[in-house]
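> Build the 3D model from these lines:
(chains A and B)
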Amino acid sequence: MIFSFRHIKKILISFMLFFSFIGIGFSSWQYGDNSIESIAALPTTEERAVCYNSTTSVQYTTIERALLNAQSGQEIFVYPGLTKSDGTIYPIYINDDCTVPSGVTLSFPYSETTYFNKDEHGTGSSSSPFADQDENSVKKYRKTQVILGIGTKSITLTVKGTLNIGGVLSNPQVGVSGQTAGAYCEITMGRLSTISCDGGTINCYGYIKRVNSTNGAKLEVKNGGVLLSPFVIYDFKGGGATTAINNMQGYSKYCPFQVFDFCNLQTSVYVYSGSYWKTRACIYIGTNKTYYPEVETDKIVTFIGSSSEKTALILSSGYILVDYVPSKNGITTQESSFAKTNIELCGAVDIGSFALTIKVSSLSVSINTNDFFFPISYRFSFSIKKEAALNVSKKVKLMNGASLLIEDGGVMNVKSSLIIYDDFEETTKDQADDAYPQPYPSGIGKATLINNGTINVTENGGIGGFIDTKVENAILNYHTANYSIFSAEFGGYMPSSGSAATGAAAASAFQVKNPTGNIIESGSISSGLITYNNYKSVKNGDLYGWNPETETSAITSVTISSIGTGQDNYNGLSVIQVIPNPSSVGRLSLTWELISGSNITISSKSGNAAILKNSSSSAVTAEIKVTVTDEYGNSVSTSSKFEVPKKKASCILPTAKVLMADGSYKLAGDIRTGDIVISFNHETGKFERNKVIGNDDLNKSAQNYNVIHLEFTNGKTTDFVDEHGYLDTTLNRYVYLHEEDASDYVGHEFAFYENGQMTRSKLCKVSQSVMYTTLASPATANHLNIVVDDMLTIAGGLTGLFNIFEYDPDTLAFDVDKMQRDIDTYGLLGYEYFEEYFPEEIYNLLPCKYLGVSIGKGLITWDVFESYVEKWEDQLMENI
Amino acid sequence: MKQRKKTNNLNYIGGGVLLLCNISLVCIGFSSWYTTGGSTLTGDVSVGVGETEEFVIFSDLAVNTDFKLGQDGMVKDDEIVKTGNISVSFSINNTSLKTYSYLKEDKFTMRAILTPDNSNFVSFITGIASSIDSSEIVVEDSNTSFSSLLTVPIDSTQESTSLTLTYTISGDNISSYYTKVPSLNFKVEGVK
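You can find the predicted model right below:
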């Protein structure tokens, strides 16, 4: 067929028009010549209602906004018990400075709108009665956690109105009184965060806790501010004993409790002149288990205040810093050796009194520390700062383990009697049983009074006990008139007869040194009046008592204990620590010795701890001896036995198939450090090449093991021994499966690798068999996980090094926002934190930088991490 | 390419035919991209598109909300609110209205349809307002979408008219009524 140019032109134009119209038509159909459309997903946020205004009923996703909108007379309630899908508590963050305005109440109730109920108490019996005594209890009882400030941003919550932090107080089944013993709420204070009680009121029945003791968080109670917290008594003798004390004739009364503190405020509390720190007693005294009706005003005991009425520390100028330091951040326990309240007096302070009257039915008992020596127990450490003055206007006893330091420029005016305990054993009158509910602890060292400033003893004042100093120019101004110490430390429990005590079981020795440092007087305080007639050796302005050879901070005893339970003592390792008495002793050296225990080795660690390593396949009881030498050359030793658990296998079979970087498979038993395999990077949400940093248990000889066999709905199978980790996409975290709990995961979906992508399949069957085999347990750099039998797995025995951040359930990458929030809260750790353990190359192979987050979230402790290093050290060094 | 179309060479012409066919096909493809994604077009396909633009009455469609959907309902400035707004902005090509006879007595009628992919959400759409004060709005009943007939005055001396429609969303804890975050399809079309 031949076309002329004319024909061709027609054809061309026809084609052009035809296709042009098709183009327009399609466009019009899709675009609409008279229409336009769009599809958009509604924007979402993970925010949820965390509080509401009870007057307006408006809900808010932040406390800051709720406070900003609140008017005088209104109350903001934070919802208690907000939990995430995994059952953990939903933390509420305050990330901006905010104020509880005057007339406005911000309440953190533990249940609906209840932040305190005097008739509601904790239940159950426990040797450690605090609702936050361990991590599990915290999970159970902490209903609300408000985190104040994240990262480096310092946040201030100012309270001009009222702040209520809810909690259930006391438990009649335990010996401690007034403590938070049930559901509670908590403010967790981030770095440099501040709660400023500026003319407002803070009622804290739950806790205010800083993340750690060095983060600079503080609570200020300024002029006009009122702080109210529980008055926690550890050894209240009961109503019977208290009644008997009141009825004593011819003998001095003694305080029916010795040990107390105010442990609900676990941060630096600055109480300024003109403000008050009041405490609420909640004491069980009746046989009908009726609690002290704490709502009566005289049941409130003022700890610090400007008034002399029933105030323990009367502050007329300056401020007092009270700093409770728990044995472990976030945990409150009854143990005597750990938690300490440091009180710095930075102004003019008088010691006043506690006074309260208890009336239950026909029983009425009074407690007034004016009637006896005001007890300061081992839980307190006082210091009088420069230009500060303490007037001891009431009788005070500084009991064993307590300390009082007068710093250079500080002054203590003793206008009454002050006893510095040397030794004290609390017993019952008839020695038949221990003092109820528990005796004052023994072996915790002497009380110490160190005067580096000035002590003025007035005409009516007197000091019984050993006064020490660390400087050459400390001053004791002593009145030349007689002075006396009036003491009656029965310390006993009155039996059912209810008659007055007739004898003293306690003994307290005291010493006073002359200017040359010699002890010039000593004795035992038993009962009655002890008088020093016209003692004039120490005069106004004389130097006294500086004699380094007789420093009293020498070590007196030492104890060893296991640190925690569970993961601390795990997989062939047990972490133990030594506690010297007094704890402030200047220690020169510490040696560990294995007395008995086959297959046990001891590794000394930094600080006071050591790791016991069990290389056998069964638990071993090891006897350990420790010797501590103090700075004066005094040595004390003690020994104790510990059970070191067997070393778990935590492995897979050597025949398991490990996915290599080139897509091939290699038997797990053939995997070596440096091999390049496939692992999952949760930071990117992708599978990627990664280096093997070790393959544990390769050197173990073959033996019979219980092998757990897992079958999945996709037809895949795998095996493990004792413990191995898998990514459970149903729970959205790695889980360790064990022989005893693997079947609990039937029906859960787990992560698999398939052609470079993550797939999921359900565990449908678990079985086990005995197999004679060797083992393997490879791990990769940073991510630690590795693809074995096409499953994403993680070696056993690494708890706390993974699951540090939450995973996005779709991509299984870290949830970026939550991850950043965690990092802001807990920070990243640089190599400087690890340089004592390993070279920087190893730091770069492990998720060390996130360890602070893991520790902060309670997933791991430094001690456990050190035990990991111990376990993996040899293999890790192969990477260098 | 235009020079190629002008050549007398048969081979060139045949090639040009094929090329234009390809361009037209590309134009179809790009048209669909253009409507949904707003992607740019090349000069080669501007012939078809240039004519297409004359048919466009609406442009510059944007959908915004003053709230986010949180776990407990609508969130606005950290507050759980019972009322939120979805605003839809677009421009009307006044010239096209005249050319294609949509303008009657200087008024233009259009139908705006807001269709959630989850019909449960429709009940939370409780009202509509126009940024042009003298608009007439008639809400039409529908169980699956929120449809409105709008009549707005048009200043024909201007090339275009900007209009924002604001839908009111009302309800307590609306997130409890669906399991998946709703997507909204918004469509507006001219009515003669």
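
> and the closest residue to chain B within the stretch 751-880 of chain A, which of the three is it?
Among residues of the stretch 751-880 of chain A, the one nearest chain B by CB to the nearest CB turns out to be residue A:810. It sits 13.2 Å away. Where you see a C-beta, it was placed from the backbone N, CA and C, and this is true even at glycine. Using DSSP: H, G, I helix; E, B strand; the rest coil, the structure places residue A:810 in coil.

> For it, give its distance to residue A:760.
In this structure, residue A:810 and residue A:760 are separated by 11 Å, where distance is defined by CB to CB, to the nearest Å.

> ok, the residue of the stretch 751-880 of chain A closest to chain B - how many residues close by?
The burial count assigned to residue A:810 is 9, neighbours taken as other CB atoms under 10 Å in any protein chain shown.

> Check residue A:846 too.
24.

> swap in residue A:273?
The burial count assigned to residue A:273 is 18, neighbours taken as other CB under 10 Å.

> That one touches residue A:223, doesn't it?
Yes. Applying CB atoms under 8 Å, one finds residue A:273 in contact with residue A:223, separated by 6.9 Å.

> ok so, going back, got a pLDDT number for the residue of the stretch 751-880 of chain A closest to chain B?
Reading off the confidence values, residue A:810 has pLDDT 88.

> Check residue A:254 too.
If you check residue A:254, the pLDDT there is 68.

> gap between the spatially most central residue of chain B and residue A:824?
Closest to where the C-alpha atoms of chain B average out (CA atoms, centre = their mean) is residue B:61, at 5.0 Å. Between residue B:61 and residue A:824 the distance is 38 Å, computed by CB to CB.

> Also residue A:771?
48 Å.

> who has more neighbours, these two?
Relative neighbour count places residue A:824 above the other of residue A:771 and residue A:824, with 19 against 15, counting by other CB under 10 Å.

> The more buried one belongs to a helix, doesn't it?
Yes. When the secondary structure is assigned by three-state DSSP, residue A:824 falls within a helix.

> Let's verify residue A:864: helix, strand, or coil?
With three-state DSSP as the basis, the three-state label of residue A:864 is helix.

> what's the closest non-adjacent residue to residue 97?
Looking at chain A here, since you left the chain open. In this structure, residue A:97 finds its nearest non-sequential neighbour in residue A:156, 4.9 Å apart by CB to CB, 6 or more residues apart in numbering or on different chains.

> That was the other one, I meant chain B.
For residue B:97, the spatially nearest residue (CB to CB, 6+ apart) is residue B:103, at 4.5 Å.

> what about the one you found, how many residues close to it?
Other residues near residue B:103 come to 18 when the count uses other CB under 10 Å.

> do you know how far it is from residue A:700?
When distances are taken as CB to CB, residue B:103 and residue A:700 turn out to be 88 Å apart.

> Figure out the helix or strand that the residue nearest to the centre of chain B lives in.
Assignment of secondary structure by DSSP states H and E places residue B:61 within strand B:58-65.

> So for that strand, mean pLDDT?
Confidence for strand B:58-65, expressed as mean pLDDT, is 91.

> just stretch A:668-682 next, same as before
For stretch A:668-682, the mean confidence score works out to 92.

> show me what contacts residue 115?
Using chain A. A:107-109, A:164-167, A:185, A:203, A:205 (CB atoms under 8 Å, 6 or more residues apart in numbering or on different chains).

> switch to chain B, that's the one I care about
Taking CB under 8 Å, 6+ apart as the criterion, residue B:115 is in contact with B:144-146, B:184-187.

> Let me have the residues you listed in JSON lines, adding distance to chain A and secondary structure as columns.
Formatted as JSON lines, the entries for these read as follows, by distance: CB to the nearest CB, whole Å; DSSP: H, G, I helix; E, B strand; the rest coil:
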{"residue": "B:144", "distance to chain A": "15", "secondary structure": "coil"}
{"residue": "B:145", "distance to chain A": "12", "secondary structure": "coil"}
{"residue": "B:146", "distance to chain A": "14", "secondary structure": "strand"}
{"residue": "B:184", "distance to chain A": "6", "secondary structure": "strand"}
{"residue": "B:185", "distance to chain A": "5", "secondary structure": "strand"}
{"residue": "B:186", "distance to chain A": "5", "secondary structure": "strand"}
{"residue": "B:187", "distance to chain A": "4", "secondary structure": "strand"}
